[in-house]
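J.: Model the structure of this input:
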Amino acid sequence: MKSDAIKKGIAHAPHRALLYAGGLSDKNIEKPFIGIASSFSDLVPGHIGMRDLERQIEKGIHSNGGQAYIFGTPAICDGISMGHSGMRYSLPSRDLIADCVESVAGAHQLDGLVLLTNCDKITPGMIMGALRLNIPTVVVTAGPSLEGFCKGETLTFIRGSSEAVGRYRAGEITENKLKEMEHYACPTMGACQGLYTANTLACLSEVMGISIEGCATASAVSSKKRRIAFDSGFLAVDLVKENICPKDIITRDAIRNAIVVDLALGGSTNSILHLLAIANTAGVDITLDDFEELSFKIPQLIKLDPSATLTMTDFDKAGGISGAIKTLYGHTSELKNIKNVEGKTTEYIAQHAYVDNNVIKPFSDPITKNPGLAVLHGNLAESGAVVKISGVDKECFEFEGVAKCYDREEDAMKGIEDDDVKAGDVVVIRYEGPKGGPGMREMLAPTSLLVGKGLGKKCALITDGRFSGGTRGLCIGHICPEAVDGGIIGIIKDGDRIKIDINKRTIDLLVDEEEIKRRKMNFTPKTKEVEKGFLTKYAKTVSGAQKGAITQ
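T.: Residues are numbered from 1 along each chain as shown. Below is the predicted model of the structure:
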């Protein structure tokens, strides 16, 4: 075992002495050392229940003859860090978390890992750390929250708070009503109720096979989640004994399967960043071209909040990821037969799954033939941009409007709040990319404000930053190259016309080519002053969004 390096032989008496200091018994020293990488935090609603899950995982490990060691990793709540400078830390924290998992497990020569995660950047960050080490690993996502309820109205985090702000600004609801909604929008611990980034990544972890069946959609407050935690700890010991490692699970076929299901679900656009980063860490050749290719082959079968009223609770009842696999497998050759950490194949899961076709539509009768996500190209996004088609109204698939430019999110928010943004405008938010932000902030606040003020179908918003999984409306993100790298988005002027065509997958600045060349020659990208520290280091090492915003 890997842990023999710290527990066997005369020379390792000092190591054993320190292990004994931690309470290790002679009865357990020969057992596999399994780390529980826990992202528990009182600050993050999706993670506050992890103390209980830590115990369930620990019990599972000990029940199967392992020795469990819990250690912590950072966790950032995107909802709390949203809309201010704190959001700059969110995406960079993904690579910080990968560093933490790699450092702790590598330094202590752990034999295996259970990754206890839930929200946004934490899940891909932990998976990336485990892939670097390539030691046996199981992922446990802590599960979604239940829906809120307020005076006859079912609420989710986005509809009950972010979009409610826009409704208040538009005079649709009172301040008292807004306060009532914010109290009831998130009634339990767990990830936000819709198919936002946290739940999207939980789903894709299960599809790739690194989580056990049913983990992604089991509620954070369910006994099922506690059983899954126990079973995952138990399984981790078996994986060590059989030497089944993450790179045996997360293959090219597994990541392509994740893309297929992501397109069918209409998941968060952030999933593209994270799958590219996971692929890079796994040494698998996956690019934006894979997303583009598959987007013409996979229809959308499921529509959940924020694009519909159905939630993760409804998805779980309808069969969850297993039901989605059953609906896809055999109907498209793109969903491959792979094995998960339990040894179950895609075919086995498809044969034994339950599916409610009222929620998960049949492949032959999809919600729409369009995928949930798409990649756009054009002179405005020479290296690509992404859009969550599932959140865009069909009447907006072809949109031409007038640019209204802002060099940071706060200025755009003020412009929308002050009614400077009108119907027919294309809101341009730039210098918010991975380098330019730095940190590639999510733009949930301005997109929700547009929807709340009734401009969701009348305006577009484009950015070299990114969007929350809770974003809906005609919002194009990840525009590459970003402004700070000399991208076309940096030379757009107020009044320029911009054309977006989702059917043709294009986004273009409607300015004469000679004028574009002239502007580029005279263009000097702006730089933001950032105090020395983590973000300065991140800005110097991060790649573009088209490569997953990975650090070099």
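J.: From here on, just use CA atoms for contacts and neighbour counts.
T.: OK.
J.: And the helices in the stretch 451-552 of the chain?
T.: 513-521, 534-541 (DSSP state H, counting those that start in this stretch).
J.: State the mean pLDDT of the last one.
T.: Translated: helix 534-541. Throughout helix 534-541, pLDDT has a mean value of 93.
J.: Over to the first one?
T.: Helix 513-521 carries an average pLDDT of 96.
J.: about what we covered before: adding distance to residue 14 and mean neighbour count, write the helices of the stretch 451-552 of the chain out as a markdown table.
T.: Below are these laid out as a markdown table (distance: least, CA to CA, whole Å; neighbours: other CA atoms under 10 Å):
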| stretch | distance to residue 14 | mean neighbour count |
| --- | --- | --- |
| helix 513-521 | 63 | 12 |
| helix 534-541 | 35 | 16 |
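J.: ok, the residue nearest the centre of the chain to residue 165 distance?
T.: In the chain, the centroid-proximal residue (CA atoms, centre = their mean) is residue 197; its distance is 3.5 Å. Between residue 197 and residue 165 the distance is 21 Å, computed by CA to CA, to the nearest Å.
J.: Same check on residue 96?
T.: 32 Å.
J.: Touching, residue 117 and residue 38? I think so.
T.: Yes. Assessed by CA atoms under 8 Å, residue 117 is found in contact with residue 38 at 6.7 Å.
J.: So these two - more neighbours on which side?
T.: More crowded of residue 117 and residue 38, by other CA atoms under 10 Å: residue 117, with 29 against 25.
J.: Tell me which residues are up against the helix or strand that residue 97 is a member of.
T.: Assessed by DSSP states H and E, residue 97 sits inside helix 90-107. Applying CA atoms under 8 Å, 6 or more residues apart in numbering, the external contacts of helix 90-107 come out as 35, 37, 71, 73-76, 78, 81, 121-122, 124-130, 132-133, 439-441, 535, 538, 550-551.
J.: and that helix, how far from the chain's centre?
T.: How far helix 90-107 lies from its chain's middle: 16 Å, per CA atoms, centre = their mean, to the nearest Å.
J.: If we ignore the residues flanking it in sequence, what's nearest residue 140?
T.: Among residues not flanking residue 140 along the chain, residue 116 sits closest, at 4.9 Å (CA to CA, 6 or more residues apart in numbering).
J.: Got the confidence number for that neighbour?
T.: 98.
J.: residues in contact with it?
T.: 36-39, 50, 54, 139-142.
J.: Let me know the distance separating residue 328 from residue 60.
T.: In terms of CA to CA, residue 328 sits 33 Å off from residue 60.
J.: Who's the closest spatial neighbour of residue 83, skipping the chain neighbours?
T.: For residue 83, the closest residue by CA to CA, 6+ apart turns out to be residue 445, at 5.8 Å.
J.: sorry, back to before: with residue 318 as the reference, name the closest of the helices of the stretch 451-552 of the chain.
T.: Closest of the helices of the stretch 451-552 of the chain to residue 318 is helix 534-541, at 41.4 Å (criterion: CA to CA).
J.: Checking my notes, the residue nearest to residue 140 in a strand, right?
T.: Yes. Residue 116 forms part of a strand when assessed by DSSP: H, G, I helix; E, B strand; the rest coil.
J.: In the chain, spot the helix with the most residues.
T.: helix 223-242 (DSSP state H).
J.: out of the contacts of residue 116, which is most surrounded?
T.: residue 141 (36 neighbours).
J.: you'd agree it is up against residue 215?
T.: Yes. Here residue 141 reaches residue 215: they are 6.6 Å apart, a contact under CA under 8 Å.
J.: which residues are common contacts for those two?
T.: residue 202.
J.: I'd like the mean pLDDT over the longest strand belonging to the chain, please.
T.: Criterion DSSP state E: the longest strand present in the chain is strand 398-406. Here strand 398-406 scores 98 as its mean pLDDT.
J.: Given it, what are its sheet partners and their directions?
T.: Strand pairing for strand 398-406, determined by DSSP bridges: strand 425-429 (parallel), strand 497-501 (antiparallel).
J.: Sweet, I'm off.
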